[in-house]
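In: got a sequence here, can you build the structure:
(one chain, ligands or ions: 1)
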Amino acid sequence: QHEPHWWGNRNTIVHLFEWKWTDIARECEEFLAPRGFAGVQVSPVAENVVISGRPWWERYQPISYKLVTRSGNEAEFADMVRRCNVVGVRIYVDVLLNHMSGSHEGTVQGTGGSVANPNTKDFPAVPYGEIDFHPSCEIYDWNDRFQIQNCELVSLKDLDQSSEWVRERLVEFLDHLIQLGVAGFRVDAAKHMPAEDLKIIYDRVRDLNIAHGFPRNARPFIYQEVIDHGHETVDKYEYSPLGAVTEFRFSEEIGGAFRGYNQLKWLRNWGPEWSFLPSEHAFVFVDNHDNQRDGGNVLTYKNAKQYKMATAFALAYPYGITRVMSSFDFQDRDQAPPADENEQILSPQFDADGACVNGWVCEHRWRQIYNMVGFKNAVRGTEVSNWWDNDDNQIAFCRGNRGFIAFNGNGWDLKERLHTCLPAGVYCDVISGALVNGKCTSKTVVVDEWGYADIDLRADEFDGVLALHVNAKL
Ligand SMILES: O=C(NCCCOc1c(-c2ccc(O)c(O)c2)oc2cc(O)cc(O)c2c1=O)[C@@H]1CCCN1C(=O)/C=C/c1ccc(O)c(O)c1
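Out: Numbers count the residues shown, from 1 in each chain. As a prediction, this is how the structure comes out:
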């Protein structure tokens, strides 16, 4: 279940964090399909508890498996999946198998009107009762496997995945989503569930729905959130036989490199030699919905120039299954998504350049980022060759004879005649501009018959990357 079932040469997922289903459907048709995105990760779809202030993490506290959240209802969800599949954009659902909601005094109300009493572990809308959960205990030793997998994350009621009733309810929930046409799942908090229980659950889930364009006997793509910074008691290699696994070290190391804590020349052997998972098992990203709020080395939209350089490298270097984050603008960690006075999530609005303007950041709509999605599509299946560096923070490399990219992380200009491995001709730099109506809107680069070109990336330019590929050639 490592196969993402992408369409054509597409190969990048975007996380449209907290977007509504109707807005995602439109985005698939109007932006993601034309720009060559392969899929969308959507926010949790199951009914969640309503927490005052509507912090984003309330959606990680389910109280039933009814498909009713602030992103929309089941009909809107089904319509989104159908419309996205029709234009070749797959849908991956963020699913919560580990727990239900956390302790609150008395009964709580859900986004679909269900009630529950988490303190007594009573979730009648599923139904779950006390017997379906582990006895309550706290995780206070994060090096103790038993606590991590049997006790409660911040008091969230911890389901017992070894119970047949729980397994049936979870499989039923996943089968329902597959019947609606989804291509796979992001399994939240996988580290908190024994891999052997997850394997049983994954194996029971039905094949993908051929009515949505999947081949027969296609298995759902699984990628598992395992926060493992290295030498953890429960480690990422336990889960990689079951499906792809999030490689958090990628996020930390790429942030460190483009913040200048490691010279870019060291990125030459990027991959398992950095104690990352093997490429075909690694689910990688520059930042995610959680660690973008943690500070540290992780780069976010708040450090725009470095973020675009890191994203360009993540998409240009052939390692891992890549996901691009699309955020809402936040000041503090718990902040709710953009909403109106009735707590209805706002639809994103766009300016003349297609950038989001009303509280949504939409990194996926930044030209430097969506053009790198196109770069990655153009070079699919090729290897890195002709690595060049200045023994410091200026690097460049080819992808077969289909793409070339250069980075300047130094405080002085990069002006070199380099081998681009490309066929002779005139190319548009897809970072500073694009190929539009047969013309380059910004920098052009002339490649001679030996594949060499003058590469010019000044230190003070808006972006620190120059990228060429065969689909942006005059
Ligand atoms: O201070 C908080 N949490 C404690 C530190 C973060 O711990 C959490 C981890 C976590 C952190 C580090 C680990 O090594 C690890 O294995 C798990 O995973 C979660 C997964 C969930 O589905 C729901 C959650 O509430 C959490 C969570 O609180 C605030 C208040 C409650 C939610 N929350 C949060 O900060 C919510 C965070 C959150 C929510 C969803 C996620 O998928 C996630 O990765 C983190």
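In: contact residues of the stretch 101-250 of the chain facing the ligand?
Out: 153, 154, 156, 188, 189, 191, 225, 227 (C-beta under 6 Å from any ligand atom). The way it works is simple: take the backbone N, C-alpha and C, and place the C-beta from them, glycine included.
In: among those, which one sits closest to residue 349?
Out: Among these, residue 188 lies closest to residue 349 (C-beta to C-beta), at 29.5 Å.
In: contacting residues around that closest one?
Out: Counting by C-beta atoms under 8 Å, 6 or more residues apart in numbering, residue 188 makes contact with 44, 60, 94, 95, 96, 97, 98, 225.
In: for the residue in the stretch 51-200 of the chain positioned nearest to the ligand, grab the count of nearby residues.
Out: Proximity to the ligand, evaluated over the stretch 51-200 of the chain using C-beta to the nearest ligand atom, is greatest for residue 60 at 3.4 Å. Using other C-beta atoms under 10 Å, residue 60 has 24 other residues around it.
In: who are the contact partners of it?
Out: Taking C-beta under 8 Å, 6+ apart, we find residue 60 in contact with 44, 48, 96, 156, 188.
In: which SS class is the first one?
Out: Under DSSP: H, G, I helix; E, B strand; the rest coil, the three-state class of residue 44 is coil.
In: just the pLDDT for it.
Out: If you check residue 44, the pLDDT there is 98.
In: again, but for the last one
Out: Among the per-residue scores, residue 188 holds a pLDDT of 98.
In: the fourth one now?
Out: In the prediction, the pLDDT value recorded for residue 156 is 98.
In: quick one: the strands in the stretch 351-474 of the chain?
Out: Counting by DSSP state E, counting those that start in this stretch, the stretch 351-474 of the chain has strands at residues 384-389, 394-399, 403-408, 414-419, 425-428, 435-436, 439-440, 444-447, 452-457, 465-469.
In: ugh, typo on my part, it should be the stretch 101-250 of the chain
Out: Counting by DSSP E, counting those that start in this stretch, the strands of the stretch 101-250 of the chain are 108-109, 115-116, 184-187, 221-224, 244-246.
In: could I get these in a markdown table, plus columns for distance to residue 379 and mean neighbour count?
Out: Compiled in a markdown table, these are given as follows (distance: least, C-beta to C-beta, whole Å; neighbours: other C-beta atoms under 10 Å):
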| stretch | distance to residue 379 | mean neighbour count |
| --- | --- | --- |
| strand 108-109 | 49 | 18 |
| strand 115-116 | 49 | 22 |
| strand 184-187 | 24 | 27 |
| strand 221-224 | 22 | 26 |
| strand 244-246 | 21 | 27 |
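In: nearest residue to residue 441 in space, please, no chain neighbours.
Out: Nearest residue to residue 441, sequence neighbours excluded (C-beta to C-beta, 6 or more residues apart in numbering): residue 433, at 3.8 Å.
In: residues in contact with the one you found?
Out: Contacts of residue 433 (C-beta under 8 Å, 6+ apart): 367, 440, 441, 442, 443.
In: buried only: go through those for me.
Out: Burial by neighbour count, 16 or more other C-beta atoms under 10 Å: within these this picks out 367, 440, 443.
In: keep the residues you listed, but drop any that are not near the ligand.
Out: Of those, not one also sits near the ligand (C-beta under 6 Å from any ligand atom).
In: out of those, who's nearest the ligand?
Out: The ligand lies nearest to residue 367 out of those, by C-beta to the nearest ligand atom, at 29.4 Å.
In: wait, that closest one sits on residue 435?
Out: No. Residue 367 is beyond contact range of residue 435, at 11.9 Å (criterion: C-beta atoms under 8 Å).
In: do you have the helices of the stretch 201-350 of the chain handy? List them.
Out: Here the stretch 201-350 of the chain has its helices, by DSSP state H, counting those that start in this stretch, at 248-258, 304-316.
In: for the last one, give the mean pLDDT please.
Out: The average pLDDT within helix 304-316 is 98.
In: list the buried ones in it?
Out: By neighbour count with 16+ other C-beta under 10 Å, helix 304-316 contains the buried residues 304, 306, 307, 308, 309, 310, 311, 312, 313, 314, 315, 316.
In: from the residues you listed, which single one is nearest residue 146?
Out: Nearest to residue 146 among these: residue 314, at 35.8 Å, using C-beta to C-beta.
In: my read: that closest one touches residue 322, true?
Out: Yes. Contact criterion C-beta under 8 Å: residue 314 and residue 322 qualify, at 5.8 Å.
In: joint contacts of these two?
Out: Joint contacts of residue 314 and residue 322 (C-beta under 8 Å, 6+ apart) are 284, 285.
In: sorry, back to before: could you export the contacts of residue 188 as CSV, including secondary structure?
Out: Formatted as CSV, these follow (three-state DSSP):
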residue, secondary structure
44, coil
60, helix
94, strand
95, strand
96, coil
97, coil
98, coil
225, coil
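In: what subset of those is buried?
Out: Buried by 16+ other C-beta under 10 Å: 44, 60, 94, 95, 96, 97, 98, 225, out of those.
In: in the stretch 51-200 of the chain, which segments are predicted with low confidence?
Out: For the stretch 51-200 of the chain, no stretch is flagged by pLDDT under 70.
In: what does the helix of greatest length in the chain contact?
Out: Counting by DSSP state H, the longest helix found in the chain is helix 164-179. Contact with helix 164-179 is made by 45-46, 65, 67, 93, 95, 97, 126, 128, 131-132, 159-161, 185, 197, 200-201, 204-209, 220, as judged by C-beta under 8 Å, 6+ apart.
In: next one: stretch 100-115
Out: The contact list for stretch 100-115 (C-beta under 8 Å, 6+ apart) reads 47-50, 61-64, 66, 68-70, 73, 116-119, 121, 123-125, 128, 133, 152, 154-157, 159.
In: cool, and stretch 225-238?
Out: 142-145, 148-149, 186-191, 195, 239, 245-249, 252, 275, 277.
In: can you select the buried ones among these for me in ChimeraX?
Out: Typed into ChimeraX, the next command selects the buried ones out of the contacts of stretch 225-238 (criterion: 16+ other C-beta under 10 Å):
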select :148,149,186,187,188,189,190,191,195,239,245,246,247,248,249,252,277
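In: what would the strands of the stretch 101-250 of the chain look like in TSV with distance to residue 353?
Out: Putting the strands of the stretch 101-250 of the chain into TSV (distance: least, C-beta to C-beta, whole Å) gives the following:
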stretch	distance to residue 353
strand 108-109	41
strand 115-116	45
strand 184-187	30
strand 221-224	32
strand 244-246	32
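In: can you name the residue of the stretch 101-250 of the chain nearest to the ligand?
Out: residue 227 (3.5 Å).
In: what about that residue, distance to residue 395?
Out: 29 Å (C-beta to C-beta, to the nearest Å).
In: who has more neighbours out of those two?
Out: residue 395 (22 against 16).
In: these two touch, right, the more buried one and residue 410?
Out: No. Look at residue 395 against residue 410 with C-beta under 8 Å: they stay out of range, at 10.2 Å.
In: turn the helices of the stretch 201-350 of the chain into JSON lines, including distance to residue 417.
Out: Shown next, in JSON lines, are the helices of the stretch 201-350 of the chain (distance: least, C-beta to C-beta, whole Å):
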{"stretch": "helix 248-258", "distance to residue 417": "25"}
{"stretch": "helix 304-316", "distance to residue 417": "21"}
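In: what separates the residue nearest to residue 250 when sequence neighbours are not counted from residue 319, distance-wise?
Out: Once flanking residues are discounted, residue 250 sits nearest to residue 284: 4.4 Å by C-beta to C-beta, 6+ apart. Separation of residue 284 from residue 319 (C-beta to C-beta): 7 Å.
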